[in-house]
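Participant: With the input below, show me the fold.
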Amino acid sequence: MIDEAHERSLATDTLLGLLKKIQRRRQGLRLVISSATLEVDRLVAFFDSSSVRGKVAAAGVQHVSHTPAVISITSRVYPVQVHYLLQPCSDYVQAATQTVVDIHRADVPGDVLVFLTGQEELEAAVKMLDEEARKLARSRLKYKLLPTPMYAGLPGAQQRMALDPAPRGYRKVVVATNIAETSLTIEGVVYVVDSCYVKQRAYNPLVGLEALLVAPTSKASCQQRAGRAGRVRPGHAFRLCIEDDYQRLLPDASVPEMQRSDLSSTILQLKALGIDNIMRFDWLSPPPAEAAVRGLELLHALGALDSDAKLTGSIGICMAEIPLEPQLSAALLASATTFHCCQEMLTLAGMLSVPAIWVAPGAVSGKKALEEANAKFATAEGDLVAFLNVHRAWLEHGKSHRWATRNGIHQHGMLRAQQVSQQLCSKLKRLGLNTNTSCEGDVNQVLKAVTAGLFMNASQFDRTEYDPKRTNDSGSNVYKLLRHLQPNRPLKLRIHQSSVLARTRPHMVVFLRCQQNDDGWYEMQAVTVIEPEWLVKLAPNVFQRK
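Facilitator: This is a model prediction of the structure:
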């Protein structure tokens, strides 16, 4: 049984393709696929094997239908009345805030759930609602406003505040990302305010980088969001767009992750399962051919695939056993086999696998306080060595929650990172690798291991660019991607402001993630300073000295 299939995640689509392949051999295998909102016709056509001759008799199965059955079950929810704007709005964050205030002034019971796109918008909306709550505190309304954010990287105490029932005499307003769409249920919600936007990752295989952009959501997502208002009694959903735009401009369903993601990890897993011809694999929604080619190129460069695109025994099979991105897996293997710094690399792999190590600015009295907390652990070598400093200090203080909170560290993230590190350590031991090695303070060994995995993400300082429209502009340091495949269309890379290297100008760096923002900049995250000669030595098939 596969649940929540409408999310169309990379893992779900891959699993559906594998199950279809298995069903050809095991025709008695029954699949149950459930979802709140699903493109039924596409799924029925995908699994319909009525025109395919199978070995039913040989399998001993005489009466098996090859056409999928569709069962629709009406859910036990109350009716939800949907409202639209009469005129388009230019600022949906401001419009969402005003809609909440209008609902609150009506003075009828029920909590409010607001859907926005990202952490910055959530914090801005909560700040505006806090100001409105202070203005309305002396009014004769029966309820007081209690706004609270809800997103993936939020500390546990604030997440509980969003999920717990509101105190008597208060109206809770949960301002959330699309995490509240399907991943969790917030009781007491009667009103939903939907911005009709979502922040989505989109991988561009032509440049090998991701964009994180705000895009209109789908009709299916809007219906899912509206359904959150009908859990306890008849509710209302307020969509911040005009009805004609909703019907005409919003797609019926979101673009599946398979068509907007880096496929290197998926290809590695399929190769490990014995599926060599990726191009002929039966996908529910086929990915772009360029993404598959880029994934194969990356795996070949890392040594996971040979010249015939087969898994290599020494590296490829081991990388497939490690549940990390291929580049991190390669770095971890290099730390255990070549650079003898496995303990440090296990720590980094765990910390890079959790959503957040630093808490949100709102949890430590603002952005400036968070920058001051980060500066205590900053180092000239970059973010990954800073992470090692954080982990070392956290252990020295006995994994203290109070110390973590005081220093802007996400305690739950640190505990989860430690669990991931321990699990990865067990994996490496089963592969027969020595996990007890440590660099003993020689961070260059760690940096070389990182470079052995991230060399395709190497970038070099190019120039400093100034904005003539801004006074006192200190300029932006522009980097160029060394392995850029379109030299006639140069990319603008810069170090993300959250990095400890944001105010510096290192000559050459590697990064773990790089995402395009709304201004067109590609911002590098988890940045590490490296030496140019390391690239030539560690990846001679990719880089040569001029």
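Participant: Provide a list of residues in contact with Ala289.
Facilitator: Residues in contact with Ala289, defined by C-beta atoms under 8 Å, 6 or more residues apart in numbering, are Met279. All C-beta spots, glycine's among them, are computed from the backbone N, C-alpha and C.
Participant: State the distance from it to Leu491.
Facilitator: 22 Å (C-beta to C-beta, to the nearest Å).
Participant: Also Pro68?
Facilitator: 45 Å.
Participant: Likewise for Leu209?
Facilitator: For Leu209, the distance to Leu491 equals 7 Å [C-beta to C-beta].
Participant: Quickly list what's touching both of these two.
Facilitator: Residues touching both Leu209 and Leu491 (C-beta under 8 Å, 6+ apart) are 481, 522.
Participant: and stretch 536-546, how far out from the chain's middle?
Facilitator: Using C-alpha atoms, centre = their mean, to the nearest Å, the mean C-alpha position of stretch 536-546 is found 32 Å from that of the whole chain.
Participant: what about Ile495, distance to Ala349?
Facilitator: Going from Ile495 to Ala349 by C-beta to C-beta gives 22 Å.
Participant: nope, His236 is what I was after
Facilitator: 46 Å.
Participant: out of the two, which sits in the more crowded spot?
Facilitator: Taking other C-beta atoms under 10 Å, His236 and Ala349 do not tie; Ala349 has more neighbours (24 against 18).
Participant: buried stuff in stretch 537-545?
Facilitator: 538-539, 542-543 (16 or more other C-beta atoms under 10 Å).
Participant: do the same with stretch 211-230
Facilitator: Buried residues in stretch 211-230, counted by 16+ other C-beta under 10 Å: 211-212, 214, 216-222, 224-230.
Participant: mind listing which of those are in strands?
Facilitator: Among the buried residues of stretch 211-230, the members found in strands (DSSP state E) are 211-212, 214, 216.
Participant: Identify, from these, the entry nearest to Val527.
Facilitator: Comparing these against Val527 with C-beta to C-beta places Leu212 closest, at 16.6 Å.
Participant: On the strand side of things, show who the closest one bridges to.
Facilitator: Arg201 (DSSP bridges).
Participant: who's in contact with it?
Facilitator: The neighbourhood of Leu212, defined by C-beta under 8 Å, 6+ apart, consists of 199-202, 515-517.
Participant: could you dump those to JSON lines with pLDDT and neighbour count?
Facilitator: Listed next are those as JSON lines, based on pLDDT from 0 to 100; neighbours: other C-beta atoms under 10 Å:
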{"residue": "Lys199", "pLDDT": "89", "neighbour count": "17"}
{"residue": "Gln200", "pLDDT": "87", "neighbour count": "18"}
{"residue": "Arg201", "pLDDT": "87", "neighbour count": "15"}
{"residue": "Ala202", "pLDDT": "89", "neighbour count": "16"}
{"residue": "Gln515", "pLDDT": "83", "neighbour count": "17"}
{"residue": "Gln516", "pLDDT": "84", "neighbour count": "21"}
{"residue": "Asn517", "pLDDT": "79", "neighbour count": "13"}
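Participant: so after the helix or strand of the chain with the lowest mean pLDDT, what's the next helix or strand?
Facilitator: Sorted by mean pLDDT, DSSP states H and E, the helices and strands of the chain end with helix 56-59, the least confident at a mean of 45. Remark: after helix 56-59, the chain's next helix or strand is strand 80-84, criterion DSSP states H and E.
Participant: Sheet-wise, list the partners of that following strand with their directions.
Facilitator: Each strand paired with strand 80-84, and its direction, by DSSP bridges: strand 235-239 (parallel).
Participant: Tell me the buried residues in the helix or strand that the strand it pairs with is followed by?
Facilitator: Once the chain leaves strand 235-239, the next helix or strand it forms, by DSSP H and E, is helix 243-249. Buried residues in helix 243-249, counted by 16+ other C-beta under 10 Å: Tyr246.
Participant: how far is the helix or strand following helix 243-249 from where the chain is centred?
Facilitator: Next helix or strand after helix 243-249 toward the C-terminus (DSSP H and E): helix 264-272. Once both centres are worked out by C-alpha atoms, centre = their mean, helix 264-272 turns out to sit 19 Å from its chain's centre.
Participant: Which other helices and strands does helix 264-272 contact?
Facilitator: With contacts defined as 3 or more C-beta pairs under 8 Å, 6 or more residues apart in numbering; DSSP states H and E, helix 264-272 has these neighbours: helix 10-25, helix 289-301, helix 316-321, helix 326-337.
Participant: all strands of the stretch 101-250 of the chain, in order?
Facilitator: For the stretch 101-250 of the chain, strands defined by DSSP state E, counting those that start in this stretch occupy the ranges 111-115, 144-150, 170-176, 189-194, 197-204, 209-216, 235-239.
Participant: Out of those strands, the one nearest Ile275 is which?
Facilitator: strand 197-204 (21.2 Å).
Participant: can you list contacts of that closest one?
Facilitator: Contacts to strand 197-204, defined as C-beta under 8 Å, 6+ apart, come from residues 92, 116-118, 177-178, 209-217, 221, 254-255, 260-262, 291, 515-516.
Participant: can you state the direction angle for it and strand 111-115?
Facilitator: Interaxial angle of strand 197-204 relative to strand 111-115 (axes from the mean of the first three to the mean of the last three C-alpha atoms, to 10 degrees): 30 degrees.
Participant: roughly how far is strand 197-204 from the heart of the chain?
Facilitator: For strand 197-204, the separation from the chain centroid amounts to 10 Å (computed by C-alpha atoms, centre = their mean).
Participant: circling back to that earlier point, Val527: which of the contacts of Leu212 is nearest?
Facilitator: Of those, the one sitting nearest to Val527 (C-beta to C-beta) turns out to be Gln515, at 12.8 Å.
Participant: how close does the closest one get to Lys480?
Facilitator: Computed as C-beta to C-beta, the Gln515 to Lys480 distance reads 17 Å.
Participant: Tell me where the stretch 301-450 of the chain has helices.
Facilitator: Taking DSSP state H, counting those that start in this stretch as the test, the helices found in the stretch 301-450 of the chain are 316-321, 326-337, 342-351, 367-375, 383-396, 401-406, 411-430, 443-454.
Participant: rank those helices by pLDDT, which is bottom?
Facilitator: Per-stretch mean pLDDT for those is lowest at helix 367-375 (a mean of 73).
Participant: where does the stretch 101-250 of the chain have low pLDDT?
Facilitator: Within the stretch 101-250 of the chain, the segments meeting pLDDT under 70 span 183.
Participant: ok, now with 80
Facilitator: By pLDDT under 80, the low-scoring segments of the stretch 101-250 of the chain are 152-158, 180-185.
Participant: okay if I get the helices of the stretch 301-450 of the chain as JSON lines plus distance to Arg503?
Facilitator: Formatted as JSON lines, the helices of the stretch 301-450 of the chain follow (distance: least, C-beta to C-beta, whole Å):
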{"stretch": "helix 316-321", "distance to Arg503": "36"}
{"stretch": "helix 326-337", "distance to Arg503": "26"}
{"stretch": "helix 342-351", "distance to Arg503": "22"}
{"stretch": "helix 367-375", "distance to Arg503": "10"}
{"stretch": "helix 383-396", "distance to Arg503": "13"}
{"stretch": "helix 401-406", "distance to Arg503": "24"}
{"stretch": "helix 411-430", "distance to Arg503": "24"}
{"stretch": "helix 443-454", "distance to Arg503": "20"}
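Participant: which stretch among those comes nearest Ile73?
Facilitator: Closest of these to Ile73 is helix 411-430, at 35.9 Å (criterion: C-beta to C-beta).
Participant: how far out from the middle of the chain is that closest one?
Facilitator: 19 Å.
Participant: elements contacting that helix?
Facilitator: So helix 411-430, by 3+ C-beta pairs under 8 Å, 6+ apart, packs with helix 326-337, helix 342-351, helix 383-396, helix 401-406.
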